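Chemist: sequence unknown, structure follows:
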């Protein structure tokens with residue numbers, strides 16, 4: 001079963017790499033419960049050159065910090081994806097800081113779902129700081145994410161500015 005899933009993941013990555021014109025939305029969420037770190041990095045590399053995909057849904061795939069970092073680096077290059085869902089994954093502070101870096105510099109990303117994330121105050125403060133300078137993000141979902149007082153206060157301050 002795992003081998004069959006790996007083959008299917010590779011087929012999707014190939015479609016991304018080839019700029020399949022029918023692939024405007026890529027959602028692995030309904031297909032698998034996890035994706036290997038290696039496959040996340042390969043997907044990220046393929047996304048750097050992709051000019052078709054607009055929606056990327058990778059929720060609930062057990063993606064860790066290194067995978068999110070690879071994805072954010074790819075999205076700094078990719079100017080097409082405007083909707084990203086990384087909810088219910090395994091990344092923490094390092095991944096959130098990488099996302100904050102992306103949020104600071106992107107003018108493409110409009111919708112970001114991070115609900116049910118395991119973030120500490122440092123992660124939330126980094127995201128809040130990024131929101132202060134971003135002008136393109138119109139929706140950020142952090143529902144079902146436990147936010148402490150320091151992180152909540154940072155978010156509130158960011159929303160006053162943006």
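Modeler: Sure, I can see it. Everything quoted here is computed from the prediction, not taken from an experiment. Numbers count the residues shown, from 1 in each chain.
Chemist: C-alpha only now, for contacts and for neighbours.
Modeler: Noted.
Chemist: how close does residue 77 sit to residue 109?
Modeler: Separation of residue 77 from residue 109 (C-alpha to C-alpha, to the nearest Å) stands at 12 Å.
Chemist: That should have said residue 33, apologies.
Modeler: 25 Å.
Chemist: Name the residue in the two with the higher neighbour count.
Modeler: Set residue 33 next to residue 109 and count neighbours by other C-alpha atoms under 10 Å: residue 109 wins out with 25 against 12.
Chemist: To which secondary structure element is that one assigned?
Modeler: Under the criterion of DSSP states H and E, residue 109 resides outside all helices and strands.
Chemist: so it touches residue 136, yeah?
Modeler: Yes: with contact defined as C-alpha atoms under 8 Å, residue 109 and residue 136 form a contacting pair (6.4 Å).
Chemist: hmm, which helix or strand of this structure has the shakiest average pLDDT?
Modeler: helix 2-17 (a mean of 80; mean pLDDT, DSSP states H and E).
Chemist: which stretches of the protein have low pLDDT?
Modeler: Within the chain, the stretches with pLDDT under 70 are 1-6, 29-32.
Chemist: where exactly do the helices run in it?
Modeler: 2-17, 37-49, 65-77, 93-105, 121-133, 149-161 (DSSP state H).
Chemist: so who does residue 59 touch?
Modeler: 28, 29, 85, 86, 87, 88, 89 (C-alpha atoms under 8 Å, 6 or more residues apart in numbering).
Chemist: Tell me how far the fifth one lies from residue 115.
Modeler: Taken as C-alpha to C-alpha, the spacing of residue 87 relative to residue 115 amounts to 5 Å.
Chemist: These two: which is more packed in?
Modeler: residue 87 (26 against 19).
Chemist: Is the more buried one in contact with residue 117, as I believe?
Modeler: Yes: using C-alpha under 8 Å, residue 87 is in contact with residue 117, at 6.2 Å.
Chemist: Give the closest residue to the residue most central in space within the chain in space, chain neighbours not counted.
Modeler: The chain has residue 86 as the residue nearest its centroid, 4.5 Å off, counting by C-alpha atoms, centre = their mean. For residue 86, ignoring the flanking residues on the chain, the nearest one in space by C-alpha to C-alpha, 6 or more residues apart in numbering is residue 59 at 4.6 Å.
Chemist: same question, residue 40
Modeler: residue 67 (5.6 Å).
Chemist: Next: residue 158.
Modeler: Nearest to residue 158 is residue 132, by C-alpha to C-alpha, 6+ apart, at 5.1 Å.
Chemist: which residues touch that neighbour?
Modeler: 158, 159, 161, 162.
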